[in-house]
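Peer 1: got a predicted model here, sequence first, then my questions.
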Amino acid sequence: MTNTARDNILAKLNAAAPSKSFDASDFNVLKEKQLSAEERIRKYKEVTTAVNTQVFDLDRADWTQKLEEILVQKGVRHMLYGPSSHLGRNLEENWQNKDAALVPYNKAMEECKDILFDIDAAITSTLGAVAETGSVILWPTKEEPRLLSLTPPIHIAVVEADKFYTTFYEAIETNQWAANMPTNALLISGPSKTADIEQELCYGVHGPKELIVLIIHD
Amino acid sequence: MGIVNGKNFKGRVSEALKDQELRGNFRKAMDGLMTKRAAQFEDVDEWTRLRALGESIKKRALSKLPELLVQLEENLTKNGIKVHWAENVDQANEIILGILQSHDVKTVVKGKSMVSEEMELNHFLEPHGIKALEADLGEYIVQMAEEMPSHIIMPAIHMNKGQIAKLFEDKLPGTPYTEDAAKLTEIARKELRREFAEAGAGLSGVNFAVAETGTLCLVENEGNGRMVTTVPPVHIAVTGIEKVVENLSDVPALLSLLTRSATGQPITTYFNMISSPRKKGEKDGPEEVHLVLLDNGRSDVYRDAETRDTLQCIRCGACMNHCPVYTRVGGHAYGGVYPGPIGKILTPQLEGLDNYPEHPSASTLCNACVEICPVKIPIAKMLVRLRDENAGNCPHGEHPVKGRGSKSSAVEHASWKGWKAMNANPTTYKVATKAMSKMGNLMPSSLPMLSEWTSVRSKPKFASQTLHDLVKKMDVKDD
């Protein structure tokens, strides 16, 4: 059935395909958008805090300590992380907090669903951030799986200060994403939200209720 | 044919117009959406150029649609995603049923997908013992109310808090009545998290399918789209064949136009790009990903250079948000899956003008939808074309729209023929205009065709003298 369907659909489309070819699109309206490094971070903060993201500027030297303070303030007792990632090793080396325990995400999802759906918070690294839309770029890996940024009510995303792009288009083009797309890539712009009930904005409908972005400066 | 169907459109419109609560709900929502969208496109130069880019990307993709679909299939297959083709909704439903049955799935959790509404998938699966649970909050609400979505972006926009509170109280055991939107959202979160964790499969739509990379892109705010495409062991995506774009670099412009036009957001919370099932060593994500490519009349729409523009639609819903008709009658009045201006051109083309005969006329041709469309679909021009086809005329090449001539009327044809004959001959014109100036006002409003006109307008009043007579009396020279 499906092969016939494929052939029939393609035959109809091929018979009708226009002879006119279209010129390459003019992307200048996106290319012309250029901000300085400082402006990108400023713009990113402006856009993302408008949708309830909490942003902290931290120094590389003591960022894990500052994170521990944030977690204590929020009453986080357990934080999920990817232990074999660069970020995970960094956390393990520097973690001193007795109140917030690090919980490794090191098994297949099926073996730890109860933890994934019942933990206070999780932390991930990012590929950078997009200023124009206030988005962090996530590129989940074997070391940092997808659900870290989805099931816990608090998601903490770490962005290096030199990895801010002006536009999504710039991020794609600069890093040649098309040559190497991962299983799943994401732009995340704030905590989960909905306005389905009489247009009233509510956060945390299915994904994290809070998004905390840590910008790490050298 | 659609879930409700296009017949009795006028009856549903009359009911909707009498419903003050419904009209209030829509008025409030649409006013807010228009304001938010306008704020996003304050820079007119940027809007103009971005819109031209969006149109160019979609036109380019459509110009090579068959080629891009094959490329998409090749790359998805290379990435490990299984591709299925369906000519109609029956085939698409059977394909999905087959996948679900092969995994013994009892519950499928769904992200928002208008194509699955087009397929009436939930109803199809039910007798096979498979529960399809809508996970988008708006869809969850309308499913609970046993209704259809009334808007393609905000499915429950026709309901107010009181109505939703009552629904939750009635349908979810142990839920107290509350009009607090945050509390209602929290209740839905709790109800659905268990379902995400336990469902045998997840189903989603697709906003853009990238041929170059074999990537399925999903736009959403809630995280339910991510849940259904990550947690269950099987993910099935379903899309119309027109959603393919050529390159990954085409996506940012369309994404920007989509979210800003739809809800006035610079971007949605999640922009999800899926390129393969779980790879070896990865700890989460579905083991299997399928894509169902649905035609369902789209290749017919594609045949004609004029109607093909309909397939440029990126489903932002801005045309309905700005439509004076939609705002007053709401989405359910249309009786199809796609309401508002885009629905008025898309639905009759997919389902046949004979099934949706009133759609092309349910417009004032005010052009608001044309001015707002982020990919420049000439909706008003298409409405006129469909009206023409509806009347049985086909001056538009060799690809008439399905079900044309559904409003063809012998009386109307004869009347216009008479009108033409009268105006073409000076003597008959003179006699007829004189006759109308003497006796026209004696015509009863109940005459065929006149009755419909006078049901909402004043009856035309004929002057006692014709213009010709007046001009003659005034001794105006014909230079």
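Peer 2: Alright, I've got the coordinates.

Peer 1: any idea which helix or strand in the chain has the lowest mean pLDDT?
Peer 2: Let's take chain A. Ranked by mean pLDDT, DSSP states H and E, the weakest helix or strand in chain A is helix A:2-16, scoring a mean of 92.

Peer 1: oops, I was thinking of chain B
Peer 2: Quick look at chain B via mean pLDDT, DSSP H and E: least confident is helix B:450-454, a mean of 83.

Peer 1: what does that helix contact?
Peer 2: Here helix B:450-454 makes contact (C-beta atoms under 8 Å, 6 or more residues apart in numbering or on different chains) with B:443-445, B:459. For every residue, glycine as well, the C-beta is placed using N, CA and C.

Peer 1: give me the subset of those residues lying in strands.
Peer 2: Using DSSP state E, no member of the contacts of helix B:450-454 sits in strands.

Peer 1: can you pick out the most distant pair from these?
Peer 2: B:444 and B:459 (9.3 Å; C-beta to C-beta).

Peer 1: the two - which one has more neighbours?
Peer 2: More crowded of residue B:444 and residue B:459, by other C-beta atoms under 10 Å in any protein chain shown: residue B:459, with 15 against 9.

Peer 1: hang on, isn't that one packed against residue B:445?
Peer 2: Yes. Applying C-beta atoms under 8 Å as the test, residue B:459 and residue B:445 come out as touching, 5.4 Å apart.

Peer 1: for chain A, which spans come out with low pLDDT?
Peer 2: Residue ranges of chain A with pLDDT under 70: A:1-2.

Peer 1: show me what residue of it gets nearest to chain B.
Peer 2: For chain A, the residue closest to chain B is residue A:207, as judged by C-beta to the nearest C-beta, at 2.6 Å.

Peer 1: what about that residue, how many residues close to it?
Peer 2: The tally of other residues near residue A:207 (other C-beta under 10 Å) stands at 29.

Peer 1: correct me, but it touches residue B:225?
Peer 2: No. Residue A:207 is beyond contact range of residue B:225, at 9.5 Å (criterion: C-beta under 8 Å).

Peer 1: which SS state does residue B:238 fall under?
Peer 2: Per DSSP: H, G, I helix; E, B strand; the rest coil, the secondary structure class of residue B:238 is strand.

Peer 1: tally of neighbours for it?
Peer 2: By other C-beta under 10 Å, 27 other residues sit near residue B:238.

Peer 1: from residue B:230, how far out is it?
Peer 2: For residue B:238, the distance to residue B:230 (C-beta to C-beta, to the nearest Å) stands at 17 Å.

Peer 1: kindly report the same for residue B:79.
Peer 2: From residue B:79 over to residue B:230 the distance is 16 Å, taken as C-beta to C-beta.

Peer 1: those two: who's more crowded?
Peer 2: Taking other C-beta under 10 Å, residue B:79 and residue B:230 do not tie; residue B:230 has more neighbours (25 against 19).

Peer 1: next one: phi and psi at the residue nearest to that one when sequence neighbours are not counted?
Peer 2: Spatial nearest neighbour of residue B:230, chain neighbours left out: residue A:146 (5.1 Å); criterion: C-beta to C-beta, 6 or more residues apart in numbering or on different chains. Per-residue torsions, residue A:146: phi -70, psi -40 (degrees, to the nearest 10).

Peer 1: tell me the contacts of residue A:146?
Peer 2: A:140, A:183-184, B:226, B:230, B:284-285.

Peer 1: now secondary structure too, for the residues you listed, in a markdown table please.
Peer 2: Formatted as a markdown table, the contacts of residue A:146 follow (three-state DSSP):
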| residue | secondary structure |
| --- | --- |
| A:140 | coil |
| A:183 | coil |
| A:184 | strand |
| B:226 | helix |
| B:230 | helix |
| B:284 | coil |
| B:285 | coil |
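
Peer 1: quick check: the gap between the closest residue to chain A within the stretch 201-350 of chain B and residue B:26.
Peer 2: Nearest residue of the stretch 201-350 of chain B to chain A (C-beta to the nearest C-beta) works out as residue B:223 at 2.6 Å. Look at residue B:223 and residue B:26: by C-beta to C-beta, they are 27 Å apart.

Peer 1: looking at the two, which is more packed in?
Peer 2: Per other C-beta under 10 Å, whichever of residue B:223 and residue B:26 has more neighbours is residue B:223, with 29 against 24.

Peer 1: helix/strand/coil for the nearest residue to the more buried one once chain neighbours are set aside?
Peer 2: Once flanking residues are discounted, residue B:223 sits nearest to residue A:207: 2.6 Å by C-beta to C-beta, 6+ apart. At residue A:207, secondary structure determined by three-state DSSP is coil.

Peer 1: I'd say residue B:263 and residue B:32 touch.
Peer 2: No. Contact between residue B:263 and residue B:32 fails when scored by C-beta under 8 Å: they sit 9.6 Å apart.

Peer 1: more neighbours: those two, which one.
Peer 2: residue B:263 (22 against 16).

Peer 1: for that one, give me its contacts.
Peer 2: Contacts of residue B:263 were listed using C-beta under 8 Å, 6+ apart, and they are A:195, B:33, B:36-37, B:153-154.
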